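S.K.: Okay, sequence plus prediction incoming.
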Amino acid sequence: MAVVLMPEPPIVEWVAGIEQKLKGAGRFLVGAPVVLDLSSVKLSPSAIGHLVAELDHRGIRVMGLENTDPKAISGGLPPLVRPSKGVSVDLAAPKAPVPEPNRKPAALLLDEPVRSGQSVFFPDGDVTVLGSVGSGAEVVAGGSIHVYGTLRGRAMAGSSGNTQARIFCNRIEAELLAIDGYYLTAESMHAGLRDRPVQAWLEGNELKISALR
C-alpha cells in the first residue's frame with residue numbers, strides 16, 4: 001500500500017526522526033510508494049523540493065504530494081495526488097470518451113523497455129511504451145499511457161490535470177496506477193484483472209479498471 005507521511009515543523013527535526021525510524025522498524029519505507037501530506041506545514045516550492053531530495057537521499061521515494069497549494073507544485077516535483085474514494089471493476093469495456101476537438105497532444109514513443117529504477121516524465125501528452133515497464137520503474141504522462149508489454153511498475157497519467165487520460169497495458173502487474181492524481185495501489189486492484197490486458201480511466205473521483213478482452 002502507499003505510505004502517507006505527514007511532515008511537521010520543525011522540518012529538520014522531523015527528517016531526523018524519520019532517519020532514526022529507518023534504523024529500526026521503519027525500514028519498510030525504503031522502496032515503498034510514499035505520499036507526503038503537507039497539511040501541517042507551509043512550504044515554498046524550493047523547500048518542498050529540498051524535503052523530497054532529503055527523503056530520496058535516505059531511500060524514501062516520494063511519488064506524490066497531498067494537501068498543498070497546486071501553485072506550489074513546480075517542475076521537477078512529484079505530482080499532486082488524491083486517494084481514489086473507491087474501486088470499481090467492470091469486465092465489460094466502457095464507452096470511449098469523446099475526444100476534445102481541435103486538440104492534437106504531443107506524444108512520446110519509447111521503443112525500448114523502461115527498466116527497473118528508470119523514470120520517464122512527459123507532461124506534454126501521451127506516452128507509448130512498445131516494451132514493458134519494469135518493477136520499480138515509473139512513467140508519468142500529461143496524457144494517456146499505452147504499454148504494449150507488461151506494466152509492473154508505476155504509471156501516472158493525466159499529470160497535467162487531464163481527467164480524460166487513460167492507462168492501457170497488455171498485461172497488468174502494476175505497483176500503482178494514477179490518473180489526474182487519483183491513485184490505486186496493487187493491493188487495491190481486483191485479483192481477477194491481474195495478468196490481463198486492461199484499461200484504467202477516471203470517472204468522477206473513482207479510478208476504474210476494465211479488462212480489454
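M.R.: Yep, it's here.

S.K.: Using the three-state scheme, assign the most centrally placed residue in the chain.
M.R.: The residue lying closest to the centre of the chain (Cα atoms, centre = their mean) is M156, at 3.9 Å. Using DSSP: H, G, I helix; E, B strand; the rest coil as the criterion, the local structure at M156 reads strand.

S.K.: For it, give its distance to K71.
M.R.: To K71, M156 is 20 Å away according to Cβ to Cβ, to the nearest Å. The C-beta positions use only the backbone N, C-alpha and C, and glycine is treated the same way.

S.K.: Repeat that for G117.
M.R.: Taken as Cβ to Cβ, the span from G117 to K71 is 31 Å.

S.K.: out of those two, which sits in the busier spot?
M.R.: Per other Cβ atoms under 10 Å, whichever of G117 and K71 has more neighbours is G117, with 11 against 7.

S.K.: excluding its backbone neighbours, what's nearest that one?
M.R.: If the residues on either side of it in the chain are set aside, G117 comes closest to G136, at 5.5 Å by Cβ to Cβ, 6 or more residues apart in numbering.

S.K.: In a strand, the one you found, correct?
M.R.: No. Using three-state DSSP, the secondary structure at G136 is coil, not a strand.

S.K.: Phi first, then psi, for it.
M.R.: phi 90, psi -10 (degrees, to the nearest 10).

S.K.: what's the helix or strand for the nearest residue to the residue nearest to the centre of the chain once chain neighbours are set aside?
M.R.: Nearest residue to M156, sequence neighbours excluded (Cβ to Cβ, 6+ apart): A178, at 4.1 Å. Applying DSSP states H and E as the criterion places A178 in strand 176-179.
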